[in-house]
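Engineer: below are the sequence and a predicted model; questions follow.
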Amino acid sequence: MRSIVKKSPIPKSKSFVIQHLQSHYFDPHIHSHPEYQLFYVVEGRGTRFIGDNIKSFNEGDIVFTGPNLPHLWRSDKEYFDTKTALQTSGIVLYMNEHFLADSIGNEEFEKLKSLFDRSLMGIEVTGATNAKLKEMLKALLQMKGLNSIIQLLNILNLMADSPDCILLTQTPLSATPNDKTSTRMNSIYEFVMHNFKSNITLASAADLVSMTPTSFSRFFKSRVNKSFSDFVKDVRIDHACKLLLDENIPISQIAFEIGYPTLSNFNKQFKVLKGETPFDYRKKYREINNGFVRELHAAL
């Protein structure tokens with residue numbers, strides 16, 4: 001298993017780097033690096049891990065992460081099929097952790113400093129800001145020199161002022177990544193993503209990384225700010241949310257497919273995490289989707 005990828009993508013001659021990535025699937029290994037990162041998913045679907053936050057992602061997903069915050073956009077399993085025609089693409093922007101370091105404490109940069117501080121907990125960009133940011137990032141890909149710096153500052157200013165920037169974790173992760181712990185975390189993520197439909201025990205996960213259950217429990221919580229059982233639960237419920245969008249799959253079947261032997265337990269755990277039952281979640285999606293279709297027909 002590969003260890004965490006420690007990228008240093010910014011040459012000394014540049015203030016930042018922006019790239020358009022294209023591949024059959026996004027890198028399936030957890031990442032951590034000292035640069036700030038702004039990532040826009042142009043094409044692709046899967047599950048996103050930002051610190052202790054687990055959530056599905058689709059086209060249009062935009063997240064800003066601070067230095068050394070572990071993150072992973074794991075493509076859905078069909079993207080790994082060697083015969084698939086599916087593709088992923090994204091625009092990624094890296095800024096050095098000392099970007100504007102000589103000025104960031106000045107009064108004019110107060111909002112920008114707040115944005116950088118919040119990025120340590122991960123920021124999801126939503127709503128109207130998301131729509132504007134997509135176009136600004138596409139334009140930045142084509143810019144050079146001073147114009148590119150001006151565009152970058154405009155992007156940061158937009159996020160710093162926006163109410164559409166949502167924190168993804170409650171507190172910054174205190175652990176500094178290293179090869180040994182990151183290799184373990186990659187093994188655990190792979191194990192859970194391949195086996196969450198079955199009965200995953202703390203002991204089996206601990207054995208995977210050659211640790212005692214007690215030591216593993218402490219290690220895991222220090223890395224993601226939640227227990228291993230809560231992590232597995234989050235992965236299961238996130239997958240359930242994807243399945244609930246297909247109304248041809250009975251809710252009882254979804255419960256069984258994600259590892260819950262009884263519908264009542266599935267309903268209970270889903271409501272704890274999502275604040276509503278699986279039935280209500282599906283109903284809400286149906287209403288939103290039907291409303292979108294009506295608006296589209298009206299526009300045509």
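Structural biologist: Perfect, thanks for sending it.
Engineer: which residues touch the residue positioned nearest the centre of the chain?
Structural biologist: In the chain, the C-alpha nearest the mean C-alpha coordinate belongs to residue 48, at 3.1 Å (Cα atoms, centre = their mean). Neighbouring residues of residue 48 by Cβ atoms under 8 Å, 6 or more residues apart in numbering: 54, 55, 56, 57, 61, 63, 71, 72, 73, 74. No exception for glycine: its C-beta is placed from N, CA and C like everyone else's.
Engineer: just to be sure, it is in a strand?
Structural biologist: Yes: according to DSSP: H, G, I helix; E, B strand; the rest coil, residue 48 belongs to a strand.
Engineer: identify the bridge partners of residue 92.
Structural biologist: With DSSP bridges applied, residue 92 shows beta-bridge pairing to residue 19, residue 39.
Engineer: I'd say it and residue 19 touch.
Structural biologist: Yes: using Cβ atoms under 8 Å, residue 92 makes contact with residue 19 at a distance of 5.4 Å.
Engineer: shared neighbours, the two?
Structural biologist: Shared contacts of residue 92 and residue 19, defined by Cβ under 8 Å, 6+ apart, are absent.
Engineer: what mean pLDDT does stretch 15-25 have?
Structural biologist: The average of the pLDDT scores along stretch 15-25 is 93.
Engineer: which other residues reach that stretch?
Structural biologist: Under the criterion Cβ under 8 Å, 6+ apart, residues 9-11, 42, 44, 46, 75, 79-80, 84, 86-96, 99, 137, 140-141, 149, 152 lie in contact with stretch 15-25.
Engineer: in strands, which of the residues you listed appear?
Structural biologist: Judged by DSSP state E, the subset of those located in strands is 42, 46, 75, 88, 89, 90, 91, 92, 93, 94, 95.
Engineer: ok, those vs residue 216, which is closest?
Structural biologist: Nearest to residue 216 among the ones in strands among the contacts of stretch 15-25: residue 46, at 26.0 Å, using Cβ to Cβ.
Engineer: nearest residue to that closest one in space, please, no chain neighbours.
Structural biologist: residue 75 (4.2 Å; Cβ to Cβ, 6 or more residues apart in numbering).
Engineer: any idea how many residues pack against that neighbour?
Structural biologist: Residue 75 is flanked by 21 other residues according to other Cβ atoms under 10 Å.
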